[in-house]
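Q: Got a predicted structure plus its sequence, pasted below:
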Amino acid sequence: MKLNLLVWRQAGPNSPGRMVPYTANDVSPDMSFLEMLDVVNEGLITRGEDPIAFDSDCREGICGMCSLVINGVPHGHELATTVCQLHMRHFSDGDTVTIEPWRARAFPHTKDLIVDRSAMDRVIAAGGYVSINVGGAPEANSIPVPRDVAEAAMDSAACIACGACVAACKNASAALFVGAKIAHLALLPQGGPERTRRVAAMVTQMDAEGFGNCSNEGECEAVCPKEISMANIARLRREYARAMWRGGK
Amino acid sequence: MTPPVAAPAEASTRLDARVPDGPIAAKWDRHQFEMKLVNPANRRKFTIIVVGTGLAGGAAAATLGELGYNVLNFCIQDSPRRAHSIAAQGGINAAKNYQNDGDSIQRLFYDTVKGGDYRAREANVFRLAQLSVRIIDQCVAQGVPFAREYGGLLDNRSFGGAQVSRTFYARGQTGQQLLLGAYQSLMRQVQAGTVRMFPRREMLDVVIVGGRARGIIVRNLVTGQLERYEGHAVVLATGGYGNAYFLSTNAVNSNATAIWRAYKRGAFFANPCFTQIHPTCIPVSGEHQSKLTLMSESLRNDGRVWVPAQARDTRPPNQIPEAERDYFLERRYPAFGNLVPRDVASRAAKRVCDEGQGVGGTGLSVYLDFGDAIKRLGRDTIKERYGNLFQMYQKITDEDPYRVPMRIYPAIHYTMGGLWVDYNLMSTIPGLFVLGEANFSDHGANRLGASALMQGLADGYFVAPSTLAGYIGSTSLPAVATDSAEFDETERAVRTRIERLLAVGGRRTPRSIHRELGKVLWDHVGMARNEAGLRRALARIPELREEFWQNVSVPGRAADLNQALEYAGRVADYLEFAELLARDALERRESCGGHFREEYQTPESEALRDDERFAHVAAWEHTGGQGSPVRHVEPLIFEYAHPSQRSYK
């Protein structure tokens, strides 16, 4: 099939950007969306033109690197799917497809479809860990964890930090991303000692990075490729309220 | 043409493995006691460069930071959390014996040496088995949400042909969860100021000063600028070279450039022909394919592998009666059935496809059928065990594996070869340490399932932090400046190469040449190899290299984010590396593990090792210019795990 693409091209953060039309010919339904873009880029390189810059790495939906807004939806319209796992069989011959980068104040633009998501690393650095040095860990089975608790923690820990939740939110809030990490560690006994300190520090950093506030629209949950539940945002709020009640320490 | 090497080969005086004396179980303790230490107050004065943030690099950087060293940590992705360790699915082995089924450090050691077909260094493997138990303790303490039993204790499963249940797992995302544990520890050190993180940097060379690794040249992938960093030691944890084959299960940015550049600066490259083909990958669908997706081999615990008994039988699978199916793994290996090691399962699949029994449009796939398991255990149990894998398969192929058998085919997955390291994980360049898949290490000629995560974390959390102290504590390391002649010379070489890539101005994309190289390697240096094919590859690779340097097109500028340039540089290195890979496969005139030479097989078509002539590590030395590399030999001595022919019958 043949597709008409409208792709956001922008040389750098300080250059103006615009939508540029391209045609994708000979698109096979078994291609992933990124493989379709690879083929477009092959054509551009053969003609000596600058290929479209976009991020991707594992191409199996787990690294969180790929990050395209397709027809206005982060990762495209398929549910629970990263762009690398979106296949062209979901498009039809002659479709016009728009492709844009994540847009959020906390994600400064880098080039074309690439943005800088290091703000999420800094939020984790503020407290998204258990402070345990190598060497001091107790025997692994010394603290039993109920199976349903471990499973719930795993549900939250499955977040891949792609940032689609931020890109989908009209406030560019990172509440789902932060909530998932808070929930993962708050649920487990290993995360207990730092529970209060962690949420206070991570929320402070989240605000400092310029992420917006959550107004419970639920767009984040709808686009999340890992189906992280909004219940994580509820837990974030509870944990934060509890921490403030305790003076945030 | 390369003349045959005289055999048995002599031990090279250039390779000192520095394995400590004493009984195998006491070697690591003894070595730790004998190594020098670095005073806690002095550690911040030592800078350690760590390249890579996967399980090995991320764990090493975090641990060195915790110890108080000044760590500079580099990765090519936008965040250290995206390293390709994240894609590991199945699990991590550890000799905890929580299941009381007879596991022990001794048994994990033995299984690993045997699984590697007696081509690994015993002392390293024993240390790995010893450390495995502490890895699990560490990860649980970090909050890794491993699967648990109802009683709250950790669950285990049997994996990849092991006869004990020693594999710990977090659904089908074990690599992700272990990596996030290491990443979070790393970010804690970033916050503490001990680790400085440099994302979107690609290492393009090692800087050698006074015969020691003292720095690196990286390209800032956002600005395109070359940057210089100096340190007292350099740690490479940059993964394997599977992407030389174009199609592999590696991430698209995984590459061999860092280890290849180190090789060209004097680090010996060991056993490059030891590559692992993974049997359970989703088959290729067309020319556009950019990577292959692996599905955890835990699927083989419940799935049954079969093909139609009749060649070229095009009926849909559910219309082929039981009697007309060939469950070829169960037939050939009654004791292990569908759980034979990866190399054995892969070759068996290739063989039935070569004989025309393959299925799917290309005839290059076999069925992996869950019909019986669903009948026996119920759909819910299967969903609980493999739900995410089934979902992934359906997304890619548009087929529902609960109703139609999966189709699978082998793909390049892991590379056991890598830079040669001694017991301290130091390469032949003093001060250059190599961790994880990037070294040739502990897996011999074949890696067992769930052992890569174990090795990466053992190297990163435990081995390298100790042995780096031993090196720093016992070595005089005068200050070096990044404006020294050595840095100037190395950066100039890097810059010249980039300018050459941009100046070719040809008509072919780097990808098209890479695809062609991949086909040569897959056909002649893939699952089954022979002398004639390897010689054809050795003739073809230089032609492709020539084609690349005459006719590649790399648009854009050096001083910009330029993904075509990044890729072209990697392909240029694969085109050099591929020759060493084929040469190593040619010279190893035996079959062992993942290296199967058709001339050397038993009457039952199983791998035939030659312990007389090849019970050794082959480590290649770059000799500069166009000269042939020199093959050095480290003999392998088996005092505890006595070589036997692997039999999974």
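A: Happy to help now that I have it.
Q: When you work out contacts or count neighbours from here on, use the C-alpha atoms and nothing else.
A: Fine.
Q: and residue B:172, which of the three is it?
A: Secondary structure, DSSP: H, G, I helix; E, B strand; the rest coil: residue B:172 is coil.
Q: So for it, what's the nearest residue that isn't a sequence neighbour?
A: residue B:89 (4.6 Å; Cα to Cα, 6 or more residues apart in numbering or on different chains).
Q: who's in contact with that neighbour?
A: Residue B:89 makes contacts with B:171, B:172, B:173, B:174, B:175, B:176, B:295, B:296, as judged by Cα atoms under 8 Å, 6 or more residues apart in numbering or on different chains.
Q: Most neighbours out of those residues, which is it?
A: Within the contacts of residue B:89, most neighbours by other Cα atoms under 10 Å in any protein chain shown means residue B:176, with 28 neighbours.
Q: Do I have it right that it meets residue B:90?
A: No - using Cα atoms under 8 Å, residue B:176 is not in contact with residue B:90; the gap is 10.5 Å.
Q: Quick check: residue B:165 vs chain A, distance?
A: From residue B:165 across to chain A, the span is 16 Å (Cα to the nearest Cα, to the nearest Å).
Q: whoops, I mixed them up, residue B:510
A: For residue B:510, the distance to chain A - Cα to the nearest Cα - is 9 Å.
Q: quick one: secondary structure of residue B:527?
A: coil.
Q: close enough to count as contact, it and residue B:595?
A: Yes - Residue B:527 is within contact range of residue B:595, at 7.4 Å (criterion: Cα under 8 Å).
Q: Looking at these two, which is more packed in?
A: Counted by other Cα under 10 Å, residue B:527 and residue B:595 do not tie: residue B:595 has more neighbours, with 28 against 23.
Q: what's across from the more buried one in the sheet?
A: residue B:592 (DSSP bridges).
Q: residues in contact with it?
A: Contacts of residue B:595 by Cα under 8 Å, 6+ apart are B:273, B:274, B:275, B:445, B:527, B:528, B:529, B:585.
Q: and what of residue B:345?
A: For residue B:345, counting by Cα under 8 Å, 6+ apart, the contacting residues are B:279, B:329, B:338.
Q: give me phi/psi at it?
A: Per-residue torsions, residue B:345: phi -60, psi -40 (degrees, to the nearest 10).
Q: Show the model's pLDDT score for it.
A: Residue B:345 carries a pLDDT value of 91.
Q: and if you look at residue B:647?
A: 71.
Q: Pull up the residues of the stretch 1-150 of chain B that are close to chain A.
A: B:63, B:66, B:77-79, B:81-84, B:86-87, B:136-138, B:140-143, B:145-150 (Cα under 8 Å from any Cα of the partner chain).
Q: Just the buried ones from those residues?
A: B:63, B:66, B:77-79, B:81-84, B:86-87, B:136-138, B:140-143, B:145-148 (16 or more other Cα atoms under 10 Å in any protein chain shown).
Q: so who does residue B:213 touch?
A: B:206, B:207, B:232, B:233, B:234, B:429, B:430, B:431, B:432.
Q: what about 7 Å?
A: Residues in contact with residue B:213 (Cα atoms under 7 Å, 6 or more residues apart in numbering or on different chains) are B:206, B:207, B:233, B:234, B:429, B:430, B:431, B:432.
Q: Using the three-state scheme, assign the residue in chain B positioned nearest to chain A.
A: Per Cα to the nearest Cα, the residue of chain B with the smallest distance to chain A is residue B:251, at 3.9 Å. Classification of residue B:251 using three-state DSSP returns coil.
Q: ok, it - contacts?
A: Contacts of residue B:251 by Cα under 7 Å, 6+ apart are A:57, A:58, A:59, B:84.
Q: Would you mind giving both backbone torsions of residue A:96?
A: phi -100, psi 130.
Q: now do residue B:603
A: Per degrees, to the nearest 10, the backbone of residue B:603 is at phi -60, psi -20.
Q: Residue A:4 now?
A: Per degrees, to the nearest 10, the backbone of residue A:4 is at phi -100, psi 120.
Q: who does it bridge with?
A: Beta-bridge partners, per DSSP bridges, of residue A:4: residue A:23, residue A:96.
Q: per-residue confidence for the residue of chain B closest to chain A?
A: 98.
Q: circling back: just to be sure, which of the buried ones among the residues of the stretch 1-150 of chain B next to chain A are found in helices?
A: In this view, those that belong to helices under DSSP state H are B:63, B:66, B:136, B:137, B:138, B:140, B:141, B:142.
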